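K.L.:
Sequence and predicted structure, then a few things I'm wondering about:
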Amino acid sequence: MRSAGKSDIGLVRKVNEDDFLCLKLNDLLKLENPGLDLYLCIVADGMGGRNAGEVASSMAVHEIVEFIKEKYINVLVEKDTAEEKIFSLIRDAIYYSNDRIYKKSLLNSEYVGMGTTLSMILIKDNTLFYGHVGDSRIYLIRKNEITRLTEDHSLVAELVKQGTIKPEEAFSHPQKNIITRALGTEYDIEADLGKHEMAEGDYVLLCTDGLSNLINDNDIMELVLSARDVEQACEKLINMAKENGGYDNITVVVIHNSKGGDCIDR
């Protein structure tokens with residue numbers, strides 16, 4: 001398994017309010033189980049006045065990692081852990097992070113209303129589990145097909161569902177940046193959860209909307225498949241987003257399920 005992540009401020013914004021992580025959990029948790037591989041990848045896109053968005057996204061990543069460090073026993077290290085236990089771990093980590101961000105926003109006037117998207121994956125052996133809130137995205141690229149594993153929690157996505165606009169209109173819709181669900185903005189949060197079996201050669205991509213708003217899905221796939229490795233894939237995607245306007249922060253994590261190599265931290 002190989003992975004790499006990169007974040008860029010873009011061409012317009014003065015602050016990068018995105019954050020990300022790609023990490024081999026075996027190292028973090030000091031696991032010595034032979035044959036057990038655990039990976040955690042996260043992207044978060046913050047929002048809020050002043051530097052509040054930057055605070056929210058950074059907290060989301062940090063709090064989830066801390067929660068998993070404390071709660072991994074008997075969940076991740078067991079060879080035949082029940083899937084529901086892993087889903088519960090992801091769900092509870094997201095709820096915990098939401099609670100921490102929300103309470104911080106109440107205690108500091110500079111952070112009132114801050115929030116962040118969150119898309120995270122936890123890979124155990126060849127099974128990918130994910131949790132998702134907001135309009136950052138998780139994609140699976142298999143051979144010459146790209147599949148979006150997550151659904152945007154956004155106004156435009158709702159309009160498409162209702163049949164008010166066509167799917168092809170969503171890419172350039174003037175209200176596509178309005179999200180309907182975010183971490184830290186409310187006391188209660190609902191997260192989407194799911195899983196997918198990974199095959200040899202699969203790519204998984206996590207990104208903020210600074211990428212997906214400027215590059216369509218097929219072009220994302222072509223850029224990833226044409227790169228020599230995951231590091232270059234991240235660079236090519238960010239460069240293309242900047243060539244197409246770069247009006248937002250751009251963050252991308254690319255994972256390749258290939259033999260040999262380990263996950264690369266940021």
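P.N.:
Alright, I've got the coordinates. Numbers count the residues shown, from 1 in each chain.
K.L.:
Give the buried residues for stretch 231-251.
P.N.:
For stretch 231-251, burial by neighbour count (16 or more other Cβ atoms under 10 Å) applies to 231, 233-238, 240-242, 246, 248-251. The way it works is simple: take the backbone N, C-alpha and C, and place the C-beta from them, glycine included.
K.L.:
repeat for stretch 100-113
P.N.:
Those would be 100-102, 104-105, 111, for stretch 100-113 by 16+ other Cβ under 10 Å.
K.L.:
what comes into contact with that stretch?
P.N.:
Residues external to stretch 100-113 that are found in contact with it (Cβ atoms under 8 Å, 6 or more residues apart in numbering): 48-52, 55-56, 59-60, 63, 114-116, 183-187.
K.L.:
From the opening residue of it to its closing one, how far?
P.N.:
Stretch 100-113 stretches 13 Å from its first residue to its last (Cα to Cα, to the nearest Å).
K.L.:
what about that stretch, distance to the chain center?
P.N.:
Distance of stretch 100-113 from the chain centroid (Cα atoms, centre = their mean, to the nearest Å) equals 22 Å.
K.L.:
re earlier: let me know the closest of the buried residues of stretch 100-113 to Leu140.
P.N.:
Proximity of these to Leu140 was ranked by Cβ to Cβ; the top entry is Ile101 with 28.2 Å.
K.L.:
element containing the closest one, please.
P.N.:
helix 83-107 (DSSP states H and E).
K.L.:
What is the helix or strand following that helix packed up against?
P.N.:
Remark: after helix 83-107, the chain's next helix or strand is strand 115-116, criterion DSSP H and E. Counting contacts by 3 or more Cβ pairs under 8 Å, 6 or more residues apart in numbering; DSSP states H and E, strand 115-116 packs against strand 38-47, helix 52-71, helix 83-107.
K.L.:
In its sheet, which strands sit next to the first one, and in what direction?
P.N.:
Put plainly, it is strand 38-47. Within its sheet, and counting by DSSP bridges, strand 38-47 is paired with strand 18-24 (antiparallel), strand 115-116 (antiparallel), strand 118-124 (antiparallel).
K.L.:
Quick one: closest of those strands to Glu83.
P.N.:
strand 118-124 (9.6 Å).
K.L.:
Next secondary structure after that closest one?
P.N.:
Next element after strand 118-124 (DSSP H and E): strand 127-133.
K.L.:
Going by contacts, tell me the helices and strands next to that next one.
P.N.:
Counting by 3+ Cβ pairs under 8 Å, 6+ apart, strand 127-133 packs on helix 83-107, strand 118-124, strand 137-142, strand 192-197.
K.L.:
got the angle for that strand vs strand 118-124?
P.N.:
170 degrees (axes from the mean of the first three to the mean of the last three Cα atoms, to 10 degrees).
K.L.:
Alpha carbons of strand 127-133, as PDB, please.
P.N.:
Presented in PDB, the C-alpha positions along strand 127-133 are these (Å, rounded to 0.1, in the frame of the first residue of the first chain):
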ATOM      1  CA  THR A 127     -11.200  -3.600   3.300                       C
ATOM      2  CA  LEU A 128     -11.800   0.100   3.200                       C
ATOM      3  CA  PHE A 129     -14.200   1.600   5.700                       C
ATOM      4  CA  TYR A 130     -15.200   5.300   5.400                       C
ATOM      5  CA  GLY A 131     -16.900   8.100   7.300                       C
ATOM      6  CA  HIS A 132     -18.100  11.300   5.600                       C
ATOM      7  CA  VAL A 133     -19.600  14.700   6.400                       C
END
